[in-house]
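Colleague: quick one, fold the following:
(chains A and B)
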Amino acid sequence: MDLTLSDEQRLLRESADRFVAETFKSEHRKKTANDPLGYSPAIWKQFAELGWLALPISEAHGGLGGGAIEIGLLMEAFGRGLVSEPFLSTVVVGAALVAECGTEAQQQAILPKVAEGALTLAFAHSERAARFDLGHVDTTATKTGDGWRLNGSKIAVLDGASASQIIVSARVANANGASGKLGLFLMPAGTPGLTLRDYARLGGGRGCNLDLRDVQLPADALLGDGKDALPAIETVVDRAMAALGAEAVGIMQTLLDTTLEYTKIRKQFGRPLSANQVIRHRLADVAMQVDEARSMALRAALMANAEPMARSRAASGAKAKIGKCARFVAEQAVQLHGAMGVTEELDIGAYFKRLLAFDTLFGSSAHHYRRHAALSGRAHA
Amino acid sequence: MDLTFSAEERAFEKEVRDYIAESLTPEMKRATALTPSVFSDPDIGMAWQRALHAKGWGAPGWPVDHGGPDWTPAQRWIFEAECARAGVPNVNVMGVKMVGPVIIGFGSPEQKNFYLPRILSGEDYWCQGYSEPGSGSDLSSLKTRAVRDGDDYIINGTKIWTTHAHHANRMFALVRTNDGERQQDGISFILIDMKTPGITTRPILTIGGDHEVNQVFFDDVRVPVANRVGEEGKGWTYGKYLLEFERGSGIASAKLREALKTISDLAGSEITGRAIEDPDIAIRMSEVEVDIDALEMTELRVLSALQTGQNPGAVSSLIKLRVSEIRQAVTRLGVDVIGQDGLAVEPARPFYRLNHEPAIPEELLPVVPEYLNGRAYTIFGGSSEIQRDIIAKMVLGL
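Modeller: Reported below is the predicted structural model:
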């Protein structure tokens, strides 16, 4: 039992905190908000040079073999700076899906390029009718003479427009045409039949919705050997939720720090806001929820490699709890900044919006409490 | 970073589990499960204290030269977790966890030699004389006065909310020996024999129907000056030290997990008509469980810091607040789980020694009293409002 950081982990945290503080200032964020790419390729290159893109990739594929704790350290720092680089899409989700499902040849073709910053990925999985049910996929993949034909629609594809390759989930039609297992397909950017509606994402970065109409992909676009991909998707999404939880902690900590400063400086009725007990107690509650969120993100990271049931319960518990804390912290930060909190003139709003996005990504707090209850055998949620 | 315990720690865990299995009697276990107040009755609690003392585990937090077992923080964690899992009685924490550390830290050699062995063995049963009718959360405004008369103090005044004063043979109390510039000055820390003439005790029934707390009156009670711990007028410092022990005496998550499991088992059983099938109950149960997960992780973070010789810092002051709130959430859930059977009031005590068949199944008896008595969790030991004041000042630097 040891929850202290190793020397390497401490160095990673220090360098991430320093880099984020120096690079991701308010002006930078305002500039990238209107950027069609949503992030800076020059910074992405620096991420690669720092070794961050190689962090969770196995050493056999040009990576550093790091785990959920190291990812969490980076993500927390990213949260503090509202980083919009496609780290989650490419490294935490995309590369992990390739590592979980891909053949050795597919891993060799993709992972080293991710590690060196030469290739970005996105994951197109959610569908409108599915709400947050990971197993609900209506998009189909039909075997053709020399490959696959994909049809369907996807929503909330993070960083899809800038990705070199999009990993699309689809239900693989079996020999009689009936729907069967889930498959994951590598689809290069600009593939004919793909319509992509790109948007500026709430809280920073880009997202998009996809329509796939008779999209033709080669036979080796299917990741792996045809095994059902749902367990791998659940594994990767559970770990992504732990990573996002750490990012949310960074965002919440920044909101707390900023709000503390503001309430000390802002004077009303001849004294600082922070002299009022009602404000002090509210801030105590905010601090407590930030700390609880920190514990839950750490817990989910420590359980990232546990057996599936324990891992999923930890991930859902973390997503549910952190989501609840995030909404509270975000809303209180705005409230305590008064009217200024609802303007674009302060950074508060951007952090608020990123937390709102966090709560809905991969399932809301309410969804994950239901999932936790169902996984615990409590309800047929 | 990892959450697993070492092979030695696993072996220790087994030793604790085995010892509990052989020494915790079914009577103790049943009595503990059927006790709806915070503390076990002394006959149960002290029997367990004697069992622990026989093994050398009577005071886990004490230094080894005073009879502590010299455990690492991880061993203490394991011990507390195993005790919670097994459902052992509460021992007299006012002795082991409160006055003991103060005597060790500030007492004279004579006081150490006399009192500490009697706490370990369970010979002495302690109560805490802190609050007064006019001094609740504002503890240092206390007015019970000790006036010097030769080698004695003569004490007059009253203490209230005194847990188990009706069982205790000793009390540690904060009394005013001087009027200082600040109200924290002039307070002394005194050890009182409860059989001293002039002490009377009035029972106070809590809303759950339990007699756990009392008001204690002092009329010209003569206590030797030798019973003062540390310096005259420095009692506030010692008392605060103890309150920090009281707040931080927590490895609470394991106990809360067991309390939730009890409610969860009831909810899954025919006794409650399978309350768990109500989706609202199911989801709230997950909410509470997740809150316990977060608390446990926070406790482990503190433990890990202690283990590596670091200061856990301000995070420990957040724990008392969460523990009390989660405890109340568990008891509230319990009331909702048992539904209309909660209407049946059983006034007789203790539940584990009733002379009649209760109107509802025995295991449902403590549920409503636990909820009602449990309202005190956010009040005693510094109310939640005081805790938030402390967090604002000490954690947030406001």
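
Colleague: alpha carbons only for contacts and neighbour counts from here, please
Modeller: Fine.

Colleague: so for stretch A:291-302, what's the average pLDDT?
Modeller: For stretch A:291-302, mean pLDDT rounds to 98.

Colleague: so is the closest residue to B:G87 other than its chain neighbours in a helix, a strand, or just coil?
Modeller: The shortest distance from B:G87 to any non-neighbouring residue, by C-alpha to C-alpha, 6 or more residues apart in numbering or on different chains, is to B:K29 (6.0 Å). Secondary structure state of B:K29, per DSSP: H, G, I helix; E, B strand; the rest coil, is helix.

Colleague: show me the contacts for B:K29.
Modeller: B:A86, B:G87, B:V88, B:P89 (C-alpha atoms under 8 Å, 6 or more residues apart in numbering or on different chains).

Colleague: likewise A:G180?
Modeller: Per C-alpha under 8 Å, 6+ apart, neighbours of A:G180: A:R171, A:V172, A:A173, A:N174.

Colleague: separation between B:L139 and B:T163?
Modeller: 16 Å (C-alpha to C-alpha, to the nearest Å).

Colleague: ok, the two, which is more surrounded?
Modeller: Neighbours were counted for B:L139 and for B:T163 using other C-alpha atoms under 10 Å in any protein chain shown; B:T163 has more, 22 against 17.

Colleague: excluding chain neighbours, what is closest to that one?
Modeller: Using C-alpha to C-alpha, 6+ apart, the closest residue to B:T163 is B:V213 (4.3 Å).

Colleague: so B:R76 belongs to a helix, correct?
Modeller: Yes. According to three-state DSSP, B:R76 belongs to a helix.

Colleague: give me the neighbour count for it.
Modeller: Counted with other C-alpha under 10 Å, B:R76 comes out at 17.

Colleague: isn't it right up against B:P60?
Modeller: Yes. With contact defined as C-alpha atoms under 8 Å, B:R76 counts as touching B:P60 (6.8 Å).

Colleague: for the closest residue to A:A95 other than its chain neighbours, pull up the helix or strand it's in.
Modeller: Nearest non-adjacent residue to A:A95, counting by C-alpha to C-alpha, 6+ apart: A:L111, 6.3 Å away. According to DSSP states H and E, A:L111 maps onto helix A:104-115.

Colleague: can you find the helix or strand of the chain with the lowest average pLDDT?
Modeller: No chain specified, so I'll use chain A. helix A:26-33 (a mean of 89; mean pLDDT, DSSP states H and E).

Colleague: nope, chain B
Modeller: helix B:235-248 (a mean of 74).

Colleague: ok so, going back, chain A versus the residue nearest to B:T163, what's the distance?
Modeller: Between B:V213 and chain A the computed distance is 29 Å (C-alpha to the nearest C-alpha, to the nearest Å).

Colleague: what's near enough to touch that residue?
Modeller: Per C-alpha under 8 Å, 6+ apart, neighbours of B:V213: B:I160, B:W161, B:T162, B:T163, B:H164, B:A165, B:P203, B:I204, B:L205, B:T206.

Colleague: ok, back up a step: narrow the contacts of B:K29 to those in helices?
Modeller: B:A86 (DSSP state H).

Colleague: compare the contacts of B:K29 and tell me which is most surrounded.
Modeller: B:P89 (26 neighbours).

Colleague: how much space between that residue and B:S253?
Modeller: In terms of C-alpha to C-alpha, B:P89 sits 16 Å off from B:S253.

Colleague: list the helices and strands the helix or strand A:A374 falls within packs on?
Modeller: Using DSSP H and E, A:A374 maps to helix A:365-375. When contacts are defined as 3 or more C-alpha pairs under 8 Å, 6 or more residues apart in numbering or on different chains; DSSP states H and E, helix A:365-375 packs onto helix A:308-336, helix B:279-307.

Colleague: 6 Å - rerun?
Modeller: Using 3 or more C-alpha pairs under 6 Å, 6 or more residues apart in numbering or on different chains; DSSP states H and E as the contact criterion, the elements in contact with helix A:365-375 are helix A:308-336.

Colleague: what's the angle from the following helix or strand past the helix it packs on to helix A:26-33?
Modeller: For helix A:308-336, the following helix or strand on the C-terminal side (DSSP H and E) is helix A:348-360. With axes from the mean of the first three to the mean of the last three C-alpha atoms, to 10 degrees as the basis, helix A:348-360 and helix A:26-33 are set at 60 degrees to each other.

Colleague: which residues does the spatially closest residue to A:I265 that is not a sequence neighbour bridge with?
Modeller: The shortest distance from A:I265 to any residue that is not its chain neighbour, by C-alpha to C-alpha, 6+ apart, is 6.1 Å, and that residue is A:P272. In this structure, A:P272 bridges to A:K267 when assessed by DSSP bridges.
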